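**Student:** Show me how the following folds:
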Amino acid sequence: MVKKVIVVILVLLFLALSVLSCQKKEEKVTEEKCDPKAEKKLEMYQMSEMAALMEQMYVDNQRLKERIQKGDTIGQFPQHFLRIHEAVMTDETDNDAFFKEQAAKFIKAQELIYKDPKNAKKHFNTGVDACIQCHQQKCGGPIPRIKKLYIKE
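**Tutor:** Residues are numbered from 1 along each chain as shown. Predicted coordinates for the structure are as follows:
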């Protein structure tokens, strides 16, 4: 009987400790605790219109790549791709003659995918080439990701 009482007391003690240890103490996080030298408030990164458009075009092209590889119907040219000519860039000086030429090459290749689906793979890869050529001059960061879009023969 004494053993049962001791076991019950130990179980209750264990439960009480478990409950108490699970309670979180609220701690006010201040800028100084993150970086004592910080004088500015943290700001969220705001993607430019062009960056957001390129992200959407990337996703659309991933889906298109899958359809081409499976031999599915291609559908219709996504009209929002044409916004590449007018979307606001992070740095407006990047919207120069070179960018405009590469954007036109990209759009032409994309449109050909839908107009000439028998050669969709070739046109798709030409569009990817235009992206890479532009990013080699403007912003190289996304190149490894863009290369993943290529449809291998």
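
**Student:** The nearest residue to Gln76 once chain neighbours are set aside and Gly127: what is the separation?
**Tutor:** What sits nearest to Gln76 in space, not counting adjacent residues and going by Cβ to Cβ, 6 or more residues apart in numbering, is Tyr114, at 6.3 Å. Bear in mind the C-beta positions are built from the backbone N, C-alpha and C, glycine included. Distance of Tyr114 to Gly127, given as Cβ to Cβ, to the nearest Å: 11 Å.

**Student:** re the thing from before, report the contact partners of the residue nearest to Gln76.
**Tutor:** The neighbours of Tyr114, taking Cβ atoms under 8 Å, 6 or more residues apart in numbering as the test, are Ile74, Gly75, Gln76, Phe77.

**Student:** Max pairwise distance over these: which two?
**Tutor:** Ile74 and Phe77 (9.0 Å; Cβ to Cβ).

**Student:** overlap in contacts of those two?
**Tutor:** Ile113, Tyr114.

**Student:** Could you list the low-confidence segments of the chain?
**Tutor:** 2-41 (pLDDT under 70).
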